[in-house]
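Novice: quick one, fold the following:
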Amino acid sequence: MKVQNSKQLREVKSTLDNIPSLETSKIQKQLQDELLTLNKKIIVLDDDPTGVQTVNNISVYTDWSVESIKKGFSEKNSMFFILTNSRAFSASKTEEEHQKIAEHIATVAKELNKEFIIVSRGDSTLRGHYPLETEVLKETVENKTNLMFDGEVIFPFFKEGGRYTIDNIHYVQDGETLVPAGETEFAKDRTFGYKSSHLGEWIEEKTEGRFTAENATYLTLEHIRALDIDYLTEQLLKVKDFNKVIVNAVDYVDVMVVTIALIRAMKNGKNYMFRTAAAITKIIGGVADRGLLTKSELVESSEHGGLILIGSHVQKTTQQLEQLKQCEFIDFIQFDTHLVLHPEKFKKERDRVLYQCEQLIADGKTVAVYTRRERLDLGENKKEEELELSVKISEAVTSIVKLLKVKPRFIIAKGGITSSDIGVNGLSVQRATVAGQIKPGIPVWLTGEESKFPHMAYIIFPGNVGEVSTLREVVEMLS
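Specialist: Numbering: from 1, shown residues only. Down below sits the predicted model:
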């Protein structure tokens, strides 16, 4: 399928606005009835901390030990998250850790005699170690149990971030325009880049032809909006040999309808691996809606200032930073992260930033630390080396939190890798509770008792989410 041009994009936006709405109350009742029959623990493996951006009152574990997985299985909630942060890993480390995760899940499930579903939550703009992660999970689980996976569900819809799948093409909303994902800056990612916007062709591209667009199963908006759940279920029942299921969706009602069909297919003996964005976790996990979090729910009275750490390099983050600079009550510190090529200078730069943060936060001033906006470019065929340097940069940013002696009123981390490293290594969080969202698609952790700063609101702000003004609005609200 050809990528659509700008004129057609405007027509697509119009189509999105004019898709007939459905009465959701009846569908919600059907979904609730089906969820009651789904006696499986849902384990979401999150390749960065932003995957909890649709849920609330859900646990996030930051390691995948047998002990932590057993705690997750033992919770009353039907779902728990494991933060892998694998988008920051090399391919070899990703393979190694996902094999461990799958082995530990299989061990615990056997011990507790409990069935499970694995959701590999990836980026809604299609970046990440795909198909490596789900293929390692599939092979390891099948080797360790009698479970066999019939297919893989590809479901990147994420309304809060403006990610829609229409006619099997995945779109990213940019203002009033829907842009095919393959034409966005995300598709040009040096580590996880791609060309295809049509999800069947994207799979063919990513699997190097091992799975084809022709053999994929497509759940269309036409059948979803017609509430033809029997037909959708029949389609799912025919999937075999780990072929792919492409889900079209423009609203949560589409997720509900497809989830009903998926549960019915699973009750008929089918098993699926899931590669999704954040939307389906809310629906299949039966997570109730709740309003956006308020300042009084998140920030305790304190004489200290807040701390904002900005690491993401996507264009939207840079635009949001420029808007943030309009706030006169914030002190800004640029961290010259390109000095990572000179270790001694890099350590001195980190120490300078840390000292200034300490002084300003203690004086009651909110501080924004941001990395240089130009990406460090080592040239062609240097993906692994660049990833290694980005890890060192993230470790340095994280160490600012780790070494901080004063407790900020709040911490905001901008960017997936940045927020993961700060949460796990800077704040030493082992288990957090997702309080909800401060803005659509922007989750808040409440840190655990074991963390460096217990019971703190830790705002995880994805690099590619929100409008240009959203970061400034969040900081103004908290301040």
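
Novice: any weak-confidence spans in the stretch 1-150 of the chain?
Specialist: 1-13, 15 (pLDDT under 70).

Novice: all strands of it, in order?
Specialist: Counting by DSSP state E, counting those that start in this stretch, the stretch 1-150 of the chain has strands at residues 40-46, 58-61, 79-83, 115-121.

Novice: keeping just the C-alphas, turn the second one into PDB.
Specialist: Presented in PDB, the C-alpha positions along strand 58-61 are these (Å, rounded to 0.1, in the frame of the first residue of the first chain):
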ATOM      1  CA  ILE A  58      -1.300  -0.700  39.300                       C
ATOM      2  CA  SER A  59       2.100  -2.000  40.500                       C
ATOM      3  CA  VAL A  60       5.300  -1.500  38.600                       C
ATOM      4  CA  TYR A  61       8.300  -3.800  39.500                       C
END
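
Novice: so which residues make contact with it?
Specialist: 46, 49, 52, 68-69, 71-72, 75, 77, 79-83, 285, 287, 430-434, 445 (Cβ atoms under 8 Å, 6 or more residues apart in numbering). Yep, even glycine has a C-beta here, placed from its N, CA and C like the rest.

Novice: try it again with 6 Å
Specialist: Ser68, Phe80, Phe81, Ile82, Leu83, Arg431, Ala432, Val434 (Cβ atoms under 6 Å, 6 or more residues apart in numbering).

Novice: could you do stretch 387-401 as well?
Specialist: Counting by Cβ under 6 Å, 6+ apart, 309, 311, 337, 340, 350, 354, 376, 417-418, 421-422, 425-426 sit against stretch 387-401.

Novice: of those, which one scores lowest on pLDDT?
Specialist: Least confident of those in the model: Leu376, at 69.

Novice: for ChimeraX, what selects the buried ones among the contacts of stretch 387-401?
Specialist: Selecting only the buried entries of the contacts of stretch 387-401 in ChimeraX, with 16 or more other Cβ atoms under 10 Å as the criterion:
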select :309,311,337,340,350,354,376,417,418,421,422,425,426
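
Novice: closest one of the contacts of stretch 387-401 to Met273?
Specialist: Closest to Met273 out of those is Ile417 (24.2 Å), distances taken as Cβ to Cβ.

Novice: element containing the closest one, please.
Specialist: Using DSSP states H and E, Ile417 falls within helix 416-421.

Novice: pull the longest strand from the chain.
Specialist: Looking across the chain with DSSP state E, the single longest strand is strand 431-439.

Novice: hey, what's the angle from that one to strand 79-83? Just curious.
Specialist: Here strand 431-439 points in a direction 90 degrees away from that of strand 79-83 (axes from the mean of the first three to the mean of the last three Cα atoms, to 10 degrees).

Novice: parallel or antiparallel, list what pairs with strand 431-439.
Specialist: Counting by DSSP bridges, the strands paired with strand 431-439 are strand 58-61 (antiparallel), strand 442-446 (antiparallel).

Novice: looking at the contacts of strand 58-61, state which has the most neighbours.
Specialist: Ala432 (28 neighbours; other Cβ atoms under 10 Å).

Novice: how near is that residue to Arg127?
Specialist: Using Cβ to Cβ, to the nearest Å, we find Ala432 at a distance of 24 Å from Arg127.

Novice: before we move on, what about Leu324?
Specialist: Per Cβ to Cβ, Leu324 is found 24 Å from Arg127.

Novice: what of Lys316?
Specialist: Applying Cβ to Cβ to Lys316 and Arg127 gives a distance of 14 Å.

Novice: and what of Gly200?
Specialist: 18 Å.

Novice: that older thread, between the contacts of stretch 387-401, which sits nearest Lys93?
Specialist: Of all these, Lys93 sits closest to Ile417, with 13.6 Å by Cβ to Cβ.

Novice: if you count neighbours, what's buried in the helix or strand hosting Thr398?
Specialist: Assigned by DSSP H and E, Thr398 belongs to helix 383-403. Residues of helix 383-403 classed as buried: 383, 386-387, 389-391, 393-394, 396-402 (neighbour count, 16+ other Cβ under 10 Å).

Novice: same question, stretch 284-296
Specialist: Buried residues in stretch 284-296, counted by 16+ other Cβ under 10 Å: Ile284, Gly285, Gly286, Val287, Leu293.

Novice: what's the distance between that stretch and the middle of its chain?
Specialist: 17 Å (Cα atoms, centre = their mean, to the nearest Å).

Novice: what's the span of that stretch, first residue to last?
Specialist: 30 Å (Cα to Cα, to the nearest Å).

Novice: can you pull the phi/psi pair for Thr366?
Specialist: Note on Thr366: backbone dihedrals following degrees, to the nearest 10 are phi -80, psi 140.

Novice: okay, it and Ile411: tell me how far apart.
Specialist: Between Thr366 and Ile411 the computed distance is 11 Å (Cβ to Cβ).

Novice: what is the burial count for Glu222?
Specialist: 10.

Novice: list the contacts of the stretch of helix or strand it belongs to.
Specialist: When secondary structure is defined by DSSP H and E, Glu222 falls within helix 221-225. Outside helix 221-225, the residues that touch it by Cβ under 6 Å, 6+ apart are Tyr231, Leu232, Asn248, Asp254, Val257.

Novice: try 8 Å this time
Specialist: Looking at helix 221-225 with Cβ under 8 Å, 6+ apart, the contacting residues turn out to be 19-20, 22, 166-167, 231-232, 248-250, 254, 257-258.
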